[in-house]
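1. just a sequence and a predicted model for now, questions to come.
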Amino acid sequence: MIDAEIIKSIIIYGAMSGGVYALLALGFTLIYGVSDVINLAHGGLFMIGTYIFFVLATPYGGFQIELLWALIFAAILVAILGTAIFRLTVHPIIEDPLSVMVVTISIAIILQESMILRFGSGRQTVPSLAMGLATVWGVKVTYSSILAFAASLALFAILLTFVTKTKIGGAMRAISQDREVAMLMGINTERLYMLTMGISASLAAVAGILIVSSTTGVTYPQVWPQQLYMSFAIVILGGLGSIKGSLVGAFIISYVENTFVFAVDPIVARMLDMAEGGSLSGAVIMATMLLVILVRPKGLFGKRVELED
Amino acid sequence: MVTGYFRRAYSSFAAHVLDIPPRLLALLLFALLLSFPIVNPPRSILLILTTANLLAIFATSWDLLVGRTGQISLGHALFFGIGTYTTGLLFSHLNWPIWVTVPLSVLVGFLAALLIGFPCLRVKGHYLALVTMAFPIILIGLILYFKNITGGDAGIWNLPRLFPFLPYEQQYIAEYYLTLLLLFASGIILYKIANSKTGIVMVSILDDELASKASGINITKYKLMAFAISGLFASLAGSVNAHLLTLRVANIASLRLDLSFLVIVWTIFGGLGTIYGPIVGVYILQILDQYVLTKIVDVPAPWHYIIYSIIIIVFVIKWPRGLARFVTDKQEDLEEARDIDERGPKIWKRYKKKEKK
């Protein structure tokens, strides 16, 4: 029933999408780890990143610069935008998680609607990073998804080194462990929040460009909710605020999704005599996340604090 | 004797309602809403208010769960959708009458909330918020997958009317009154629960779970109770909403993320944990959204959402405690100022006398 071909494609495609999902979740988990903010606008920044890339890299905007530079510019612009949003709207109410959620989701909607206003609600074609197909272990993969996979793992490694080895990274970890003590040690929390938000936003943009250009190749204003769900599932599964958790969680989620799409869905559809469709894959991902959470309430690598909160 | 009875009733009414400005405001608002159809308003406003009544029930149910026990739910549309779909499915498959399907869907909402409350007991804070968000997504996935049962994307259409025996024009008014009465009843029930001993225990869980556990409170029971009550009222709103005129449909719009987030927006806007705050929030924001920004100003759709979101952001940053809290805070400030005016000089005099001695 399940032949070697399917297993091979599950392994390869799972790895490919796991890498970019890890990058997407990393931004989400970084800002949570440092400032305790659940940034529901993360998906919005993802969407803005793809649009900036689209404007810079295609004839639409009249720039048509090289793809790599477009990616870097998009990351920088989204970082500035994210930091500005954070400073203006989230920072005054950072103590209240519910207000933060309301404000960040409103921002996501503002971003979405302003894109509809400027570009219309239709789909825009985002250029692919590299053309052509490669055959990896008997499975056909596009070059752009290999590139996206490699780029995201490299970025992940760079950020991991940044957080674990540099002084600023040490300050980030200190804040995420104990905010008051970190402040007493003379860490400027406000500046660090902004820096983290900038990194998180640019990660959202880069992940967005990599995901969109290596998979569907189109972006549209409502692209973000699905990506937001995905980063939720990964981050919760791996443990909120844990970098290692987001990497492991991303691969678990990606393998579950691919196993479902390639192996389970066709069989179930045949058994129940129904058309196969991707409509259940979101539900399967969420159910996986719930199962893990039931066994480990703080995720796989979450901060485990007994009794208190 | 009759006059004595009336006088007693009036004095108790005055003490419990008239002397407390927020309650007086609530009473006036209710009276205003009750007399609203008399002035023969345009049907569009009546429809907005009818929906707002049900959404207000939904928002207050969220407020009981989150504002009292602090269990943040980002997927409250689940219960609304369960109410909608239960009544829709019972009608489309079994063709049961409306007075059976609506109570049954309330019951199903109650049981579903109990069922979901159990796993949610294990997680807290941000984890709980994001975990609850997963449930509506799972349900949407299942509904879209089993198309032949649930109708898939299109949903279940042509649900029965609430008042088929009335002439068409009067059905709107009848529905308005029905929803208003439902809101009034559930508002009072939820308010009573929130301010009873049970509600105080729930607040103690919100304030310090460990301390209330140490004082011998059965936390599990109260958390589940909050979930179940909340689910019950949310599914009531959802099931009645499915039968309202003009649409009469059960589709996945009732489960969407928008609704789960709008309920937070309404509640934060009105005042978290006050029960009456969300009602005010729903009315103001629904009228702003559906009437002011569509009928009066009539901006194109993207601007509509941008303006709405900016208003919410500014409001939440400016008054994070909500409108109702803002009003009560102002009132307390005034009373405090009055007290100081009256008491202050006396204390001062006494102090002076002491000094002289």
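-> That came through fine.
2. number of residues surrounding B:V131?
-> Neighbours of B:V131 under the rule other Cβ atoms under 10 Å in any protein chain shown: 28. Every residue, glycine included, has its C-beta placed from N, CA and C.
3. correct me, but it touches A:L294?
-> No: assessed by Cβ atoms under 8 Å, B:V131 is found out of contact with A:L294, at 9.3 Å.
4. helix or strand with the lowest mean pLDDT in chain B?
-> Within chain B, no helix or strand scores below helix B:323-356, which has a mean of 63 by mean pLDDT, DSSP states H and E.
5. how far off centre is the lengthiest helix in chain A?
-> Counting residues, the longest helix found in chain A (DSSP state H) is helix A:4-35. Distance of helix A:4-35 from the chain centroid (Cα atoms, centre = their mean, to the nearest Å) equals 8 Å.
6. helices or strands up against that helix?
-> Where contact means 3 or more Cβ pairs under 8 Å, 6 or more residues apart in numbering or on different chains; DSSP states H and E, helix A:4-35 is packed against helix A:42-57, strand A:139-142, helix A:143-165, helix A:167-177, helix A:189-214, helix A:224-238, helix A:243-259.
7. run a quick neighbour tally on the residue in the stretch 1-150 of chain B that chain A sits nearest to.
-> Here the residue of the stretch 1-150 of chain B nearest chain A is B:G141; by Cβ to the nearest Cβ that distance is 2.8 Å. For B:G141, the count of nearby residues is 20 (other Cβ under 10 Å).
8. which pLDDT value does the model give it?
-> At B:G141, the pLDDT value in this model is 88.
9. so it touches A:G282, yeah?
-> Yes: contact criterion Cβ under 8 Å: B:G141 and A:G282 qualify, at 5.2 Å.
10. so what's in contact with the two at the same time?
-> Residues touching both B:G141 and A:G282 (Cβ atoms under 8 Å, 6 or more residues apart in numbering or on different chains): there are none.
11. surely B:R256 and B:L78 touch.
-> No: counting by Cβ under 8 Å, B:L78 is not a contact partner of B:R256; they are 10.8 Å apart.
12. who touches both of B:V131 and A:L294?
-> B:P119.
13. how about low-confidence regions in chain A?
-> A:1-2, A:273-278, A:303-309 (pLDDT under 70).
14. of all of it, which residue lies closest to chain B?
-> Going by Cβ to the nearest Cβ, chain B is nearest to A:A283 of chain A, at 2.8 Å.
15. residues in contact with that residue?
-> For A:A283, the contacting residues are B:I137, B:I138, B:L139, B:I140, B:G141, B:L142, B:Y145, by Cβ under 8 Å, 6+ apart.
16. which residues touch stretch B:186-199?
-> In contact with stretch B:186-199 (Cβ under 8 Å, 6+ apart) are residues B:56-57, B:60-61, B:63-64, B:67-68, B:202, B:222, B:225, B:229, B:233, B:236, B:275-276, B:279.
17. can you rerun that using 10 Å?
-> B:23, B:26, B:30, B:53-54, B:56-58, B:60-61, B:63-64, B:67-69, B:200, B:202-203, B:221-222, B:225-226, B:229-230, B:232-233, B:236-237, B:273-276, B:278-279 (Cβ atoms under 10 Å, 6 or more residues apart in numbering or on different chains).
18. for B:L245, helix, strand, or coil?
-> B:L245 falls in the coil class when you classify it by DSSP: H, G, I helix; E, B strand; the rest coil.
19. show me which residues of the longest helix of chain A are buried.
-> Residues of helix A:4-35 classed as buried by neighbour count (16 or more other Cβ atoms under 10 Å in any protein chain shown): A:9-35.
20. which residues of the stretch 151-300 of chain B lie near chain A?
-> Residues of the stretch 151-300 of chain B lying near chain A by Cβ under 10 Å from any Cβ of the partner chain: B:152-153, B:209-210, B:213, B:256-258, B:260-262, B:264-269, B:272, B:300.
21. emit the PyMOL select command for whichever of these are buried.
-> Remark: buried members of those, expressed as a PyMOL selection using 16+ other Cβ under 10 Å:
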select buried, chain B and resi 152+209+256+257+260+261+262+264+265+266+267+268+269+272
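22. can stretch B:98-112 be found next to chain A?
-> No: using Cβ under 10 Å from any Cβ, stretch B:98-112 stays clear of chain A, coming no nearer than 14.8 Å.
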